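A.B. asks: only geometry, no sequence info:
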């Protein structure tokens, strides 16, 4: 498909999680991109972004790794898209620092020379959600819907790193209001679904404290999930595989911690889109999700 007479093409930085822990995310991303006519070039040379922890141990190494990843998109002369909120934050944060500090940029480039690369700052960095919203357009997605999710109440869970800090992420997320985000809810409407309004949609899932303090992580996830359930959500959707891991995989532990049964399907962003576009569930990796839907989310045969 052409958008403004030009096929959209991006360098796809998958990060680690979408290749290993949640392979259904990468699988469904590629499936919907094919359906929409968007070309995604996998950056197979790229490495981990540091997962919001490396910079606390070695800030220089974090910058080198993220600059290196961006360099591969620059070599292709393509914008870079991410499919993980934490990857988005770390990559965008590194780009912002390097683009606004020439001395730091020179220092990092000295190290990148060792692997034959140079960071120039020519590639835009944005999450795939906002590429769909701002570049492709929800109106065009709506035109392609063949299996509208019209009977489903969908609770959008934005997480932290795609919408915060605003001064950084607003450069690539269409000016999303971190207090009242709307991008996911608007997409749910375009797919024919019913967006659920609930207070916790922009809260933290607790993933990054899970190893240090699983009690806190479970409470954070549980609060958000119960808020969605109590506001009649049938399913949750998130653009972040780390949020997905926390809320899909840990429902048993979350239920034990908060003293109330939590049982709600959690979809990756492209899985929800793929269902509405009529893509086969196996192509979307729905069988990999731990909490199965029990809803009529399957594509009609």
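C.D. replies: Sure, I can see it. Here the structure is a predicted model, which is why all the values come from computation and not from measurement.

A.B. asks: ok now the lowest-mean-pLDDT helix or strand in the chain, how far from the chain's centre?
C.D. replies: The helix or strand with the lowest mean pLDDT-type score in the chain, counting by mean pLDDT, DSSP states H and E, is helix 54-57 (a mean of 82). Relative to its parent chain, helix 54-57 has a centroid offset of 22 Å by Cα atoms, centre = their mean, to the nearest Å.

A.B. asks: same question, stretch 84-97
C.D. replies: Here stretch 84-97 is found 12 Å from its chain centre; the criterion is Cα atoms, centre = their mean.

A.B. asks: what's the domain layout of this structure?
C.D. replies: Per the record, the chain has its domains at 9-127, 138-288, by automatic domain parsing.

A.B. asks: Could you save these as a markdown table and add columns showing mean neighbour count?
C.D. replies: (Each C-beta comes from the backbone N, C-alpha and C, glycine too.) Compiled in a markdown table, those are given as follows (neighbours: other Cβ atoms under 10 Å):
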| stretch | mean neighbour count |
| --- | --- |
| domain 9-127 | 19 |
| domain 138-288 | 20 |
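
A.B. asks: Tell me the secondary structure at the closest residue to residue 122 other than its chain neighbours.
C.D. replies: Nearest-residue entry for residue 122: residue 74, 5.2 Å, with adjacent residues in sequence omitted and distances by Cβ to Cβ, 6 or more residues apart in numbering. In terms of secondary structure, residue 74 is helix; the call rests on DSSP: H, G, I helix; E, B strand; the rest coil.

A.B. asks: my guess is residue 74 meets residue 120, correct?
C.D. replies: Yes - under the criterion of Cβ atoms under 8 Å, residue 74 makes contact with residue 120 at 5.6 Å.

A.B. asks: So residue 145, which state does it fall into?
C.D. replies: Per three-state DSSP, the secondary structure class of residue 145 is coil.

A.B. asks: Wait, residue 197 touches residue 231, no?
C.D. replies: Yes - taking contacts as Cβ under 8 Å, residue 197 lies within contact range of residue 231: 6.7 Å.
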